[in-house]
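> what would the 3D arrangement of this be:
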Amino acid sequence: MFDADQAAIRPGRDNQVNCTLSLYSDARGMPSNPKSLHSQSSSYELTPSGDRYFDGLAEKFSRSLYQAPRGELRLAMLDYLLPEMLNLEGQCVLDVGGGLGQQAAWFAERGHDVTMTEPSADMLSYAKTWHRDVKTLPEEAITYLQAPLQRLTEQAPGPWPLITCHAVLEWLGDPQAALATLSDLLAPGGQLSLMVFNRDALRFSNAVKGNLEKALSDRLAGKGKRQRLTPISPVSHAEVEQWSADNGLVIDTVAGIRVFQDYLRHSPATPAETETLLALEKKYCRHDPHWRLGRYLLYTLIKPEIIE
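Purely as a prediction, here's the structure:
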């Protein structure tokens, strides 16, 4: 779905530094005026179920996601980690809460049949336009479904061999129930690529910034009001462990994304510094204790095969 601190799109595995720049140039083809697509409604309040949707904010995302170094790094790390953490065999993919369509495009370009779901009509419209006009993906490469996660057992029941749900749970009123739904959608032996906004990293970041009282009182969640983009339900590793076990899912691998970048006093000033930062992130993203302070935690969860 979305990066609370913003993102761009995909890269090349062996040329990691400048990979984000190529994504960045692709992203400039995104429509600059959302009204050229259709009339958007601006809905900044939570839904009755306590979820945060992003109707009326697609322009904000299309502008800021694709111009933020932190977002570029996030997508570069995903491009590096996903082939390492997943067994990719061209299987069908359900991309839950696909946002502006970065992850759906990544899988479609690698030969997967992708079904992208997204509750926001505005975000879905942007994704369709970008996939068609910039990524030039064939129309049949991605199937689009406007639906919230809670309705997917009815509208996209599967079971699915591979599900991606990136930066979604932190925008839901009940992330625990959402993980149970994802487990129901997953086929036995299937893989769930789950990425969550790390509550522990958010606490540490607030302390580093001097927000000591906020960190001490654990007042970390956003309110979901207006155009603010602080997640309403940041998730801890302990919660993912417990919820996964409750739903019969096994944590196969875990990595931290943006382990160092968010704590830098100064952003990289040169391409060489950017390259060094990316190399540092790649080196330690799966090393304990470093991964635990990644702004995002990326998991591969497995649903065990049924043994009769």
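> the nearest residue to L293 once chain neighbours are set aside in helix, strand or coil?
Nearest residue to L293, sequence neighbours excluded (CB to CB, 6 or more residues apart in numbering): A201, at 5.0 Å. For glycine as for every other residue, the C-beta is placed from the backbone atoms N, C-alpha and C. Of the three states, A201 takes helix under DSSP: H, G, I helix; E, B strand; the rest coil.
> and the helices in the stretch 151-300 of the chain?
152-155, 175-185, 199-208, 212-217, 237-246, 271-284 (DSSP state H, counting those that start in this stretch).
> wait, S236 touches A201, no?
No: contact between S236 and A201 fails when scored by CB atoms under 8 Å: they sit 9.5 Å apart.
> more neighbours: the two, which one.
A201 (24 against 17; other CB atoms under 10 Å).
> where does pLDDT dip in the chain?
Counting by pLDDT under 70, the chain contains low-confidence residues at 1-44, 46, 48, 62-67, 221-229, 308.
> show me the strands in it, by range?
93-96, 114-117, 142-145, 160-166, 186-197, 250-257, 296-302 (DSSP state E).
> neighbours of Q191, how many?
Q191: 23 surrounding residues under other CB under 10 Å.
> quick check: it vs D55, distance?
31 Å (CB to CB, to the nearest Å).
> cool, and Q242?
32 Å.
> could you do L149 as well?
Plainly put, L149 is 16 Å away from D55 if you go by CB to CB.
> excluding residues flanking it in the chain, which one is nearest the residue most central in space within the chain?
In the chain, the centroid-proximal residue (CA atoms, centre = their mean) is H166; its distance is 2.9 Å. Leaving aside its sequence neighbours, H166 sits nearest to M195 (CB to CB, 6+ apart; 4.0 Å).
> now do C285
A255 (4.7 Å).
> does that neighbour touch W291 like I think?
Yes: using CB under 8 Å, A255 makes contact with W291 at a distance of 5.6 Å.
> neighbour count: the two, which is higher?
Higher neighbour count among A255 and W291: A255, with 27 against 19, using other CB under 10 Å.
> quick one: contacts for the more buried one?
Contact analysis of A255 by CB atoms under 8 Å, 6 or more residues apart in numbering lists M77, L81, M85, C285, R286, W291, G294, L297, L298.
> which of these sits closest to D51?
L297 (20.5 Å; CB to CB).
> for the closest one, which residues are in contact?
L297 touches M195, V196, N198, V235, H237, V240, V254, A255, G256, I257, W291, counting by CB under 8 Å, 6+ apart.
> distance of it from I306?
Applying CB to CB, the value for L297 to I306 is 28 Å.
> same thing with K135?
From K135 over to I306 the distance is 37 Å, taken as CB to CB.
> ok, now which ones touch I257?
Counting by CB under 8 Å, 6+ apart, I257 has contacts 73-74, 77-78, 81, 195, 281, 285, 294-298.
> how about it, nearest residue that isn't a chain neighbour?
Y296 (4.2 Å).
> so what's H112 closest to, chain neighbours aside?
V93 (4.7 Å).
> OK, contacts around the one you found?
Applying CB under 8 Å, 6+ apart, the residues near V93 are A104, F107, H112, D113, V114, T115, W160, L162, I163, T164.
> tell me what it is bridged to.
For V93, the beta-bridge assignment (DSSP bridges) gives partners V114, L162.
> what's the spacing between it and R74?
For V93, the distance to R74 equals 19 Å [CB to CB].
> next: A141.
In terms of CB to CB, A141 sits 23 Å off from R74.
> higher neighbour count, these two?
More crowded of A141 and R74, by other CB under 10 Å: R74, with 30 against 18.
> hang on, the more buried one packs against D262?
No: counting by CB under 8 Å, D262 is not a contact partner of R74; they are 10.5 Å apart.
> what's the overlap in contacts for the two?
R295.
> now for T47, how many residues are close by?
Neighbours of T47 under the rule other CB under 10 Å: 15.
> quick one: contacts for it?
Residues in contact with T47 (CB under 8 Å, 6+ apart) are Y53, P148, G173.
> next: D174.
D174 makes contacts with S49, G50, as judged by CB under 8 Å, 6+ apart.
> and the residue nearest to the centre of the chain, how far is that from A207?
Distance check for H166 against A207: by CB to CB, it reads 26 Å.
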